[in-house]
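[1] what follows is a protein structure lacking sequence information:
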């Protein structure tokens, strides 16, 4: 008895949010994705400059600011 089997499986799911992402999924694996805003730590200092060119530190601080919207893919 002899048998030859040629078969394949393909499934496509699409959801549109205005941002595109693609990834390759290996057999017997799951590809996960997180969508969100990435943040960057921004710091600042302000100085006062006197007429004699001396400076005095006035204020400083830091904050997180959003800088991009993206998908993160991982297994």
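    That came in fine, so what should we check first? If you're wondering where the values come from, they're calculated on a predicted model, not measured in any experiment.

[2] all strands for the chain, in order.
    Assigned by DSSP state E, the chain shows strands spanning 32-49, 55-74.

[3] partners of the shortest one in the sheet?
    With DSSP bridges as the criterion, the sheet partners recorded for strand 32-49 are strand 55-74 (antiparallel).

[4] and the contacts of the strand it pairs with?
    Strand 55-74 is contacted from outside by 19, 21, 23, 31-50, using C-beta atoms under 8 Å, 6 or more residues apart in numbering. Where C-beta positions appear, they are placed from N, C-alpha and C, glycine not excepted.

[5] quick one on the thing from earlier: and the strands of the chain: which comes nearest residue 12?
    Ranking the strands of the chain by proximity to residue 12 (C-beta to C-beta) places strand 32-49 first, at 15.3 Å.

[6] just the residues contacting the closest one, thanks.
    With contact meaning C-beta under 8 Å, 6+ apart, strand 32-49 is reached by 17, 19, 21, 23, 55-75.

[7] at 7 Å instead, please
    21, 55-74 (C-beta atoms under 7 Å, 6 or more residues apart in numbering).

[8] run through this structure and note the low-pLDDT ranges.
    1-11, 13-19 (pLDDT under 70).

[9] one more pass at 90, please.
    Counting by pLDDT under 90, the ranges of the chain that qualify are 1-39, 44-49, 53-59, 65-75.

[10] bridged to residue 56, which residues?
    residue 48.

[11] returning to that earlier point: could you export the strands of the chain as CSV, including mean neighbour count and distance to residue 12?
    Output for these, formatted as CSV (neighbours: other C-beta atoms under 10 Å; distance: least, C-beta to C-beta, whole Å):
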stretch, mean neighbour count, distance to residue 12
strand 32-49, 10, 15
strand 55-74, 10, 17
